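S.K.: Structure for the following, please:
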Amino acid sequence: MSGTAADPDKRSRRARRSGLAGRRAEWLAILWLSAKGYRLLERRYGGKGGEIDLVMKRGRTVAFVEVKARGELDAAMLAITPEKRRLVERRVRHWLSRNPWASTHYLRADAVFLAPWRRPRHVPAAFALLL
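M.R.: Numbers count the residues shown, from 1 in each chain. Got it, this is the predicted structure:
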């Protein structure tokens, strides 16, 4: 496989940095939410066609969490576009088909926004899940 996008040796430096920053942001979000009593169920659920960054549970609530890190919190909050919401909803339906126990729980689409030198901002029910 020479020169394809899937070839890790051919990925650009910028793409590798972006991937590393995304993984760091996810770990920070996991730590932040864990401190608030949430338990990690899944990380990076899905793949091609969209993914759910984190699936967290606290009590009778299952939260499907989008993690967005930007230079400023306002920019991070604008990063969840309508298209991203549709992709997340598609993945949530898929996750629920594999985890039928969750249908008796309160399902929510949360977000954690991160920016340098700022506390993470957890927004419960950041957008409605249209399932």
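
S.K.: where does this structure dip in pLDDT?
M.R.: Applying pLDDT under 70 to the chain flags residues 1-11, 13-19, 47-49.

S.K.: Strands along that one, start to end?
M.R.: For the chain, the strands defined by DSSP state E occupy 39-47, 50-58, 61-69, 106-114, 121-127.

S.K.: Give me the buried positions along stretch 121-131.
M.R.: Of the residues in stretch 121-131, 121-122, 126-127 count as buried by neighbour count, 16 or more other C-beta atoms under 10 Å. (C-beta placed from N, C-alpha, C; glycine too.)

S.K.: Enumerate every residue touching the most centrally placed residue in the chain.
M.R.: The centre of the chain sits closest to residue 53, judged by C-alpha atoms, centre = their mean, with a distance of 2.4 Å. By C-beta atoms under 8 Å, 6 or more residues apart in numbering, the contact list for residue 53 reads 26, 29, 43-44, 65-67.

S.K.: wait, doesn't residue 72 sit right on residue 114?
M.R.: No: here residue 72 does not reach residue 114: they are 10.5 Å apart, not a contact under C-beta atoms under 8 Å.

S.K.: Counting neighbours, go ahead and name the busier of these two.
M.R.: Between residue 72 and residue 114, residue 114 has the larger neighbour count (other C-beta atoms under 10 Å), namely 21 against 12.

S.K.: neighbours of the residue nearest to residue 75 when sequence neighbours are not counted, just the number please.
M.R.: Of all residues not flanking residue 75 in the chain, residue 115 sits nearest, at 7.7 Å (C-beta to C-beta, 6 or more residues apart in numbering). By other C-beta under 10 Å, the residues close to residue 115 number 18.
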